[in-house]
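K.L.:
Build me a model:
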Amino acid sequence: MKKAEKIWMDGEFVGWDEANVHVLTHTLHYGLGAFEGIRCYATEDGGSAIFRLGDHTKRFFESAKILQIDIPYTEAEISKATIEIVKANKLAECYIRSLVFLGDGAMGIYPKDNPVRIALAAWEWGAYLGEEGLNSGIRAKVSSYARHHVNAAMTKSKTTGGYFNSILAKREVVKAGYDEAIMLDTDGYVSEATGENIFMVKDGQLKTTSLTSILKGITRDTVMQIAADLSIEVTEERFTRDELYTADEVFLTGTAAEVTPVREIDDRKIGDGKRGLITEQIQRIYFDAVKGRASEYESWLTRI
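P.N.:
Model (predicted):
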């Protein structure tokens, strides 16, 4: 990670290395907190724009509500602070991390009156799964770890502690030589990857997991809107891992991963074993949109 100069913390800018918390911070021990990942892109006109800032901020607050955490700021205040952290660090392109967590105070499972803390950080971060992955596709493996059951963890909240599940799955497949893990739900159907939603293409149509065990991805929604504009049919439903094996194309979506093709799953070549035509088309329009090259998607951009 490349350090930036400032982090916004509880309403103030502090130095990157001074943005510290106590070792008895409640969320550090028990994982009750929420986060967002947001991207800011350099645009064609020489400026910068945050992609779908309002949607990310809304989801941040919804995640906190699910966890019964009251954020001590309004959505407008957090959106404004998100813009300011990019400006303060003089970043043309960056990844932005919003975090709400419970500070030190009472220990044990019931946090009582522990203070609610907020941090916003921004730093330079390139392609999450690599530039080669964006162009040529990645190798994925179905993990032995299942995605959370919907009543064991609140799957519509981007909960900090919930991602230990993703860490275990990612470590498992990377150790075996793959780039990313695909996770099944507790009924054995395809859920999502460790930090991305999943799409498959079959006979010119798109299919993606319905909103059961998965997080409602903002990039997922973006791709679905782009597909609709291209008159590509999109179906949201459960499907099995062997459907992925025989798909013509598979790709992952997420703020960090953007639109990343999958060329192989469980040692089975997907389609021609490279980025497919529909994936490439959607990926191209997506990058045109985030970089300000597509006027029809201007409403998604918060210009800085």
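K.L.:
C-alpha from now on. contacts and neighbour counts both.
P.N.:
Will do.
K.L.:
and the residue nearest to V21 when sequence neighbours are not counted, how many neighbours?
P.N.:
Once flanking residues are discounted, V21 sits nearest to G103: 7.7 Å by C-alpha to C-alpha, 6 or more residues apart in numbering. G103 has 21 neighbours, counted by other C-alpha atoms under 10 Å.
K.L.:
wait, what's in contact with G103?
P.N.:
Neighbouring residues of G103 by C-alpha atoms under 8 Å, 6 or more residues apart in numbering: 21-22, 24-27, 114-117.
K.L.:
how about those in a markdown table, adding neighbour count?
P.N.:
Below are those laid out as a markdown table (neighbours: other C-alpha atoms under 10 Å):
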| residue | neighbour count |
| --- | --- |
| V21 | 11 |
| H22 | 10 |
| L24 | 13 |
| T25 | 20 |
| H26 | 24 |
| T27 | 19 |
| N114 | 17 |
| P115 | 16 |
| V116 | 16 |
| R117 | 19 |
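K.L.:
Pick the one among the residues you listed closest to F199.
P.N.:
Of all the contacts of G103, F199 sits closest to T27, with 32.8 Å by C-alpha to C-alpha.
K.L.:
Verify the assumption that A49 is located in a strand.
P.N.:
Yes: per DSSP: H, G, I helix; E, B strand; the rest coil, A49 lies within a strand segment.
K.L.:
How many residues are close by the residue lying closest to it once chain neighbours are set aside?
P.N.:
Excluding the flanking residues, the one nearest A49 by C-alpha to C-alpha, 6+ apart is R303, at 4.2 Å. Neighbour count of R303, defined by other C-alpha under 10 Å: 17.
K.L.:
ok, R303 touching I50?
P.N.:
Yes: the criterion here is C-alpha atoms under 8 Å, and R303 meets it with I50 at 6.5 Å.
K.L.:
where in this structure is pLDDT low?
P.N.:
Scanning the chain for pLDDT under 70 picks out no residues.
K.L.:
which one in it is furthest away from the centre?
P.N.:
For the chain, the residue at maximal distance from the C-alpha centroid (C-alpha atoms, centre = their mean) is A106, at 31.2 Å.
K.L.:
Torsion angles phi and psi at it?
P.N.:
Dihedral pair for A106: phi -70, psi 140, per degrees, to the nearest 10.
K.L.:
cool, and T208?
P.N.:
Taking degrees, to the nearest 10 as the convention, T208 sits at phi -140, psi 160.
K.L.:
Give the burial count for the closest residue to it other than its chain neighbours, as a bare number.
P.N.:
Spatial nearest neighbour of T208, chain neighbours left out: F199 (4.6 Å); criterion: C-alpha to C-alpha, 6+ apart. Using other C-alpha under 10 Å, F199 has 27 other residues around it.
K.L.:
For the helix or strand containing F199, which strands pair with it and how are they oriented?
P.N.:
According to DSSP states H and E, F199 maps onto strand 197-202. Using DSSP bridges, the strands paired with strand 197-202 in its sheet are strand 205-208 (antiparallel), strand 249-254 (antiparallel).
K.L.:
Tell me if I'm right that S136 and L277 touch.
P.N.:
No: applying C-alpha under 8 Å, one finds S136 not in contact with L277, separated by 12.0 Å.
K.L.:
Among those two, which residue is more densely surrounded?
P.N.:
Taking neighbours as other C-alpha under 10 Å, S136 and L277 compare with S136 leading, 16 against 13.
K.L.:
quick one, what contacts the more buried one?
P.N.:
By C-alpha under 8 Å, 6+ apart, S136 lies in contact with 261, 263, 274-275.
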